[in-house]
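Novice: structure for this input, please:
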Amino acid sequence: MNHDRPATVGELSAWAAARYGDTVAVRHGDLELSYVELDEAVREVAAGLAGLGVRRGDHVALLAETRPEWTVCDLAIATLGAVCVPVYPTNSAEECAWVLSDSRAALVICENQSHVDRVAAVRESLPALGTVVSIDEVAGAVSLAELRAKGGEPVLEPVDLVSPNTIVYTSGTTGPPKGCVLSHTNWRTSLDAIEQVTTLGPGDVIYVYLPLAHLFARMVQLTTFECGATLHYFGGDIRHVVAELTTVRPTHLPSVPRLFEKVYRMVLSTAAGAEADGAAKVAAAVEVGLRVRQAQAHGAEVSEVDREAFARADERLFSLVRNAFGGRVREALTGAAPIAAEILEFFYACGVPIYEAYGMTESCALISANVPGSVRFGTVGQVLPGIEARIADDGEVLARGANVFGGYLDNPAGTDEAIGDGWLHTGDLGVLDDDGFLTINGRKKDIIITAGGKNLTPANLENDLRQCRWISHAVMIGDRRPYPVALITLDDEEIASWAAARDVPVDPAHPDVRRLIQDEVDRANDKYAPPERIRRFAVLGRDFSPETGELTPTLKVRRKVVGELYADVIDTLYD
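Specialist: Model (predicted):
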């Protein structure tokens with residue numbers, strides 16, 4: 001444990017205020033709070049919560065979008081030694097009811113009237129729930145401003161390091177979400193591991209748009225404050241993220257793959273439309289960019305020919321890509337879902353290095369990561385300091401360390417299944433190479449066994465399809481079926497542009513659309529043996545989303561839901 005850092009999350013805001021003082025801690029639009037001002041806000045909210053009866057060990061739910069008040073409330077809850085229970089703002093009333101009920105939340109902090117109404121709709125099923133607080137001033141809740149105005153100092157009690165700090169509910173891809181109980185020790189171990197590999201420090205700006213209810217973004221938040229950087233929150237509209245990056249000009253950018261995939265597709269689309277051999281020129285530029293940057297990283301000599309080609313590529317392509325992210329990104333981080341190695345190579349060549357990391361809620365977000373000075377595209381990096389990993393006989397990735405959670409809330413059977421033998425069973429299939437780099441090949445529960453007995457891992461082929469600019473999601477089906485098929489959704493923006501240029505309707509059944517997608521399926525199939533190839537596919541009429549149930553709040557596909565919603569479509573593919 002790093003004794004120069006706060007031992008618990010509850011000590012973080014005061015520690016950072018003493019260390020970083022007037023440095024800007026958070027920024028949101030015109031709002032700026034220094035580290036001293038952030039700590040003052042945290043203490044005011046903590047005092048207000050204490051006035052409402054919140055005590056050490058109480059469970060306090062937090063239902064809000066990513067904004068500074070989320071951070072303040074999270075740290076205030078920790079200051080009291082209480083336990084934060086994040087709730088995704090996209091959750092339905094029923095999903096909210098499950099988390100609030102299962103966690104036995106004594107108080108909930110909502111963001112606005114919509115969230116307060118959502119809680120009110122299920123209030124009768126929540127006997128343990130007391131006060132409802134709202135960040136905005138709305139009917140039916142105590143406002144955060146009222147809470148802060150009460151003044152006073154919170155009553156601080158020493159917190160045992162093994163005490164719970166948060167209960168984070170899993171995405172629910174295979175069943176009802178389970179509450180992962182994470183302690184202060186879990187956090188401290190993960191933060192210590194990050195500290196040894198990050199370049200983050202005072203003067204840096206991290207742009208965050210991911211939901212803070214997800215552990216990935218929460219880890220970013222705490223790391224930012226420990227390192228004295230500035231956390232810049234997005235404006236609230238996910239559609240404006242790319243535009244905001246050019247004005248915020250972050251040095252660090254955490255994201256799920258979707259953002260990088262969209263920028264990558266946009267560049268290829270523009271290049272292909274600009275000239276007949278545009279895509280080939282991009283590929284040649286990336287090849288030179290990779291060669292030059294890898295040579296520079298290892299102190300090797302760069303030939304005159306490569307220097308000149310690199311300078312041309314930098315002027316025509318690489319600088320434009322860097323400017324799309326604001327021109328200052330030194331480290332981008334991706335996780336929570338797989339990303340194609342080709343996309344990572346493209347951005348590395350452009351001078352926007354994206355470091356792919358791997359972890360899960362049960363491991364306090366971390367197991368392995370590619371880090372500055374140690375990158376291998378196509379892998380999720382080397383196991384981080386203080387953490388162990390090995391591959392089980394059946395190919396499952398196992399992990400062990402003080403970052404691993406103590407178990408699921410009130411679920412001993414689930415806990416025994418996850419860590420019964422002392423190792424965390426991740427549910428992911430992977431391999432460790434001789435240099436300790438970990439490659440993830442897919443989910444153990446996602447393995448498809450066809451009627452002919454062929455074992456298929458769908459993740460790789462699905463990921464290949466998602467590289468196509470026209471395709472948003474692809475789900476392979478085939479368990480106990482004669483051959484694999486796929487359900488495909490279209491990227492609304494890309495397909496609309498393509499259709500308008502050809503004066504054809506955006507209709508999945510249109511012959512031109514079918515041919516377009518068939519070509520992409522054929523391209524992806526060429527990489528695989530015949531039994532692994534997609535034989536038939538259906539293009540669905542709309543994309544997947546968390547609101548319609550096919551995706552989790554972190555944009556993972558819920559295969560079971562997809563299978564149930566589109567059962568009739570799947571059956572027709574086997575007629």
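
Novice: hey, which helix is longest across this structure?
Specialist: helix 278-297 (DSSP state H).

Novice: quick check: buried residues in that one?
Specialist: Neighbour-count burial for helix 278-297 flags 278-279, 282, 285-286, 288-289, 291-293 (criterion: 16 or more other C-beta atoms under 10 Å). Just so you know, the C-beta spots here come from the backbone N, C-alpha and C atoms, and that holds for glycine as well.

Novice: okay if I get those as CSV plus distance to residue 253 and pLDDT?
Specialist: Converted to CSV, the buried residues of helix 278-297 look like this (distance: C-beta to C-beta, whole Å; pLDDT from 0 to 100):
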residue, distance to residue 253, pLDDT
278, 26, 71
279, 26, 75
282, 22, 87
285, 22, 92
286, 20, 92
288, 24, 94
289, 19, 94
291, 25, 94
292, 23, 93
293, 18, 93
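
Novice: nearest to residue 345 among those residues?
Specialist: residue 286 (6.3 Å; C-beta to C-beta).

Novice: what's the spacing between the longest helix of the chain and its chain's center?
Specialist: Relative to its chain's centre, helix 278-297 lies at 28 Å (C-alpha atoms, centre = their mean, to the nearest Å).

Novice: what sits up against that helix?
Specialist: 267-268, 270-272, 275, 300-302, 306-307, 309-310, 313-314, 316-318, 345-346, 348-351, 373 (C-beta atoms under 8 Å, 6 or more residues apart in numbering).

Novice: just the CA trace of that helix, in PDB.
Specialist: Once non-C-alpha atoms are left out, helix 278-297 reads as follows in PDB (Å, rounded to 0.1, in the frame of the first residue of the first chain):
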ATOM      1  CA  GLY A 278      -8.100   7.000 -50.800                       C
ATOM      2  CA  ALA A 279      -8.400   3.900 -48.500                       C
ATOM      3  CA  ALA A 280      -5.200   2.500 -50.000                       C
ATOM      4  CA  LYS A 281      -3.400   5.700 -49.300                       C
ATOM      5  CA  VAL A 282      -4.600   5.700 -45.700                       C
ATOM      6  CA  ALA A 283      -3.300   2.100 -45.300                       C
ATOM      7  CA  ALA A 284       0.100   3.100 -46.700                       C
ATOM      8  CA  ALA A 285       0.300   6.100 -44.400                       C
ATOM      9  CA  VAL A 286      -0.500   4.000 -41.300                       C
ATOM     10  CA  GLU A 287       2.200   1.500 -42.300                       C
ATOM     11  CA  VAL A 288       4.800   4.300 -42.400                       C
ATOM     12  CA  GLY A 289       3.400   5.900 -39.200                       C
ATOM     13  CA  LEU A 290       3.700   2.600 -37.300                       C
ATOM     14  CA  ARG A 291       7.300   2.000 -38.600                       C
ATOM     15  CA  VAL A 292       8.500   5.500 -37.700                       C
ATOM     16  CA  ARG A 293       6.800   5.800 -34.300                       C
ATOM     17  CA  GLN A 294       8.000   2.300 -33.200                       C
ATOM     18  CA  ALA A 295      11.500   3.200 -34.300                       C
ATOM     19  CA  GLN A 296      11.400   6.400 -32.400                       C
ATOM     20  CA  ALA A 297      10.000   4.600 -29.300                       C
END
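
Novice: beyond it, next helix or strand please.
Specialist: Scanning forward in sequence from helix 278-297 by DSSP states H and E, the next helix or strand is helix 304-313.

Novice: and the following helix or strand past that following helix, what does it pack onto?
Specialist: Following helix 304-313 in sequence order, the next helix or strand is helix 319-324 (DSSP H and E). Judged by 3 or more C-beta pairs under 8 Å, 6 or more residues apart in numbering; DSSP states H and E, helix 319-324 is in contact with helix 241-248, helix 257-274, helix 341-350.

Novice: report the distance from the longest one to the chain centre.
Specialist: Between the mean C-alpha point of helix 257-274 and the mean C-alpha point of its chain there is a distance of 20 Å (C-alpha atoms, centre = their mean).

Novice: got it, and the last one?
Specialist: On the basis of C-alpha atoms, centre = their mean, helix 341-350 sits 19 Å off its chain's mean C-alpha point.

Novice: need the pLDDT of residue 236.
Specialist: We note a pLDDT of 90 for residue 236 in this prediction.

Novice: OK, contacts around it?
Specialist: 65, 67.

Novice: secondary structure element holding it?
Specialist: Here residue 236 is assigned to no helix or strand, by DSSP H and E.

Novice: residues in contact with the residue lying closest to residue 463 once chain neighbours are set aside?
Specialist: Of all residues not flanking residue 463 in the chain, residue 338 sits nearest, at 5.4 Å (C-beta to C-beta, 6 or more residues apart in numbering). When contacts are counted by C-beta under 8 Å, 6+ apart, residue 338 touches 257, 440, 459, 463.

Novice: between the residues you listed, which is nearest residue 543?
Specialist: residue 257 (15.8 Å).

Novice: shouldn't residue 187 be within a strand?
Specialist: No. The assignment for residue 187, made by DSSP: H, G, I helix; E, B strand; the rest coil, is helix rather than a strand.

Novice: if I read this right, it contacts residue 222, doesn't it?
Specialist: Yes. Counting by C-beta atoms under 8 Å, residue 187 touches residue 222, with 6.8 Å between them.

Novice: neighbour count: the two, which is higher?
Specialist: More neighbours surround residue 187 than the other of residue 187 and residue 222, with 26 against 22 (other C-beta atoms under 10 Å).

Novice: counting neighbours, what do you get for the residue nearest to residue 246 when sequence neighbours are not counted?
Specialist: Counting by C-beta to C-beta, 6+ apart, residue 326 is the residue found nearest to residue 246 once chain neighbours are left out, at 5.4 Å. Using other C-beta under 10 Å, residue 326 has 18 other residues around it.

Novice: okay, residue 326: pLDDT?
Specialist: Residue 326 is given a pLDDT of 94.

Novice: wait, which of the contacts of residue 338 is closest to residue 360?
Specialist: residue 440 (11.0 Å).

Novice: which one is the closest one nearest to, not counting chain neighbours?
Specialist: Per C-beta to C-beta, 6+ apart, closest to residue 440 is residue 430, 4.7 Å.

Novice: state whether the one you found is indeed within a strand.
Specialist: Yes. Assigned with three-state DSSP, residue 430 falls within a strand.

Novice: export the buried residues of helix 278-297 as TSV, with columns for distance to residue 247.
Specialist: Formatted as TSV, the buried residues of helix 278-297 follow (distance: C-beta to C-beta, whole Å):
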residue	distance to residue 247
278	28
279	30
282	26
285	27
286	27
288	31
289	26
291	33
292	30
293	27
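
Novice: ok, so of these, who is nearest residue 69?
Specialist: Among the buried residues of helix 278-297, and counting by C-beta to C-beta, the member closest to residue 69 is residue 293, at 40.4 Å.

Novice: quick one: that closest one from residue 327, how far?
Specialist: 17 Å (C-beta to C-beta, to the nearest Å).
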